[in-house]
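Chemist: Just to be clear, the model below is a prediction. Sequence and coordinates:
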Amino acid sequence: MKNFVAHNPVTLHFGKGCTDTLGEVVSRYGKKVMLVLGKGSAKKYGYYDIVMRQFNAVKCEVIEFSGIKPNPLAADVDRAVKLARENSVEIIVALGGGSVIDSAKIMSLCIPEDLKAWNVMTGDAEPRSSLPLITVLTLAATGTEMNAAAVLQDHNAGEKRGLRHPLNYPKHSFLDPSFTKTVSREYTAYGIADLIAHSLEAFFGDSDVSITDRFVAEIIKDAMHWAPLVLENPGNYDYRANIMLDATFALNEITLYGRTTGDWGVHTVGHVLSLLYDVPHGASLSIIYPAWLKLQKKRIPERIAKLGELVFNTTNIDQIIQKFIKFFVFINSPVYLTDIGIDNTYKNDIVKQLSKNAASGMVHKLNNEDYHALVGFMM
């Protein structure tokens, strides 16, 4: 077990109607709000109106920035920073899923000193302060609502990368499972794949810790239990609530107690697929994780066997991999690149981009030979 420091300053508001206090909470930090939105679903399904009523009740002035895409762009963050500075914004509220919240996190870092988003992501600019950020979650998947991480991509740089920064934590996050009832079956499945992948990244970190490993396994098992129920009954509040809480637990850092890092190699490979082909994040992970396990099965057999024992009650590695594949197929999340129309003719392009980005894990390193093998397993 590694030495570790646990700190999570996010105040989490969870449950039906929890946004009833949103206006009062926002008004503690300021009256001039930038509301960050995605492509339109928040307005389509009425969540925007709920949030706006809260703002109006406490007489907040609202500046909207909408159009954040599922694989968020540094250029959009820069445009939002310009708008926020022109309007002397005091606080940011993100209404949406992981991409909206991640974008808002980097906005909050950039606005005080007019920093460029990609310079912050690469470490070329170091934020010294941030605007207060409050999130209202509409998609259970990434766990960004209760951590200090964010992911952006930049087409000019040809990269998608993550950043963990202590100023990135939201002040408050509001999670009403009712807000996720309108998420499509497809993206509900991708969210479940995402939360399972986050759990696995922690499990394959730099230390095996008995109790923390069990946290990871129970999150995965719980998600697998609720997945068929929520996919068949998307309007059921309790099913949505359980998946929403699983997603938060998967990446609010409790799965890292006793470790200094997760691996994150599968995520770095997934970022390449999203960058090249705009693959939805969760879909990329359900493709890569079985392939990664095949790559690692002779390198870390004891660790994979331990995972299988905790999750599936088997230590047979081939069976463990097949059980993950079977589950992802069951929820209709892709498990091969061919499932999303990417065949063997794209292999060299993917390997080239993996090499360019030096895609690798924090613990389990990947080299050029591994890239070829990994992409082969994904076909």
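Modeler: In hand now; what should we look at?
Chemist: Spatially central residue for this protein, please.
Modeler: The centroid of the chain falls nearest to Thr142 when counting by C-alpha atoms, centre = their mean (2.6 Å).
Chemist: Select the longest helix from the protein.
Modeler: helix 210-232 (DSSP state H).
Chemist: So which bits of it are buried?
Modeler: For helix 210-232, the neighbour count (16 or more other C-beta atoms under 10 Å) marks 212-213, 215-217, 219-224, 226-227, 230-231 as buried. Every C-beta, even on glycine, is put in place using the N, C-alpha and C of the backbone.
Chemist: same question, stretch 182-200
Modeler: 182-183, 187-200.
Chemist: Please apply the same query to stretch 152-163.
Modeler: Quick answer for stretch 152-163 (16+ other C-beta under 10 Å): Leu152, Gln153, Asp154, Glu159, Lys160, Arg161, Leu163.
Chemist: what sits opposite the third one in the beta ladder?
Modeler: Yep, that's Asp154 we're talking about. Glu159 (DSSP bridges).
Chemist: just to revisit the earlier point, state the pLDDT value of the nearest residue to the residue nearest to the centre of the chain once chain neighbours are set aside.
Modeler: The spatially closest residue to Thr142, leaving aside those adjacent along the chain, is Gly98, at 3.2 Å (C-beta to C-beta, 6 or more residues apart in numbering). On the pLDDT scale, Gly98 is placed at 96.
Chemist: ok, now His155?
Modeler: Per-residue pLDDT puts His155 at 85.
Chemist: Check the one 10 residues further on too.
Modeler: Listed pLDDT for His165 reads 96.
Chemist: can I see the domain layout of the protein?
Modeler: Segmentation of the chain into domains, based on automatic domain parsing, reads 11-180, 185-378.
Chemist: from the middle of its chain, how far away would the shortest one be?
Modeler: So that's domain 11-180. In terms of C-alpha atoms, centre = their mean, to the nearest Å, the centre of domain 11-180 is found 14 Å from the chain centre.
Chemist: Same question for stretch 173-181.
Modeler: Centroid separation between stretch 173-181 and its chain, computed with C-alpha atoms, centre = their mean, is 16 Å.
Chemist: Rounded mean pLDDT for it, please.
Modeler: Taken as a whole, stretch 173-181 carries a mean pLDDT of 98.
Chemist: For the closest residue to Met362 other than its chain neighbours, give me phi and psi.
Modeler: Of all residues not flanking Met362 in the chain, Thr261 sits nearest, at 4.7 Å (C-beta to C-beta, 6+ apart). Main-chain torsions, Thr261, degrees, to the nearest 10: phi -160, psi 150.
Chemist: In the stretch 151-300 of the chain, where is pLDDT below threshold?
Modeler: Within the stretch 151-300 of the chain, no stretch has pLDDT under 70.
Chemist: which stretches of it form helices?
Modeler: For the stretch 151-300 of the chain, applying DSSP state H, counting those that start in this stretch gives helices covering 185-203, 210-232, 237-250, 265-277, 281-296.
Chemist: now the ones you listed in TSV, with distance to Met121?
Modeler: Shown next, in TSV, are these (distance: least, C-beta to C-beta, whole Å):
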stretch	distance to Met121
helix 185-203	19
helix 210-232	28
helix 237-250	23
helix 265-277	12
helix 281-296	16
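Chemist: what's the closest of those to Leu354?
Modeler: Between Leu354 and the helices of the stretch 151-300 of the chain, the shortest gap by C-beta to C-beta is with helix 265-277, which sits at 5.5 Å.
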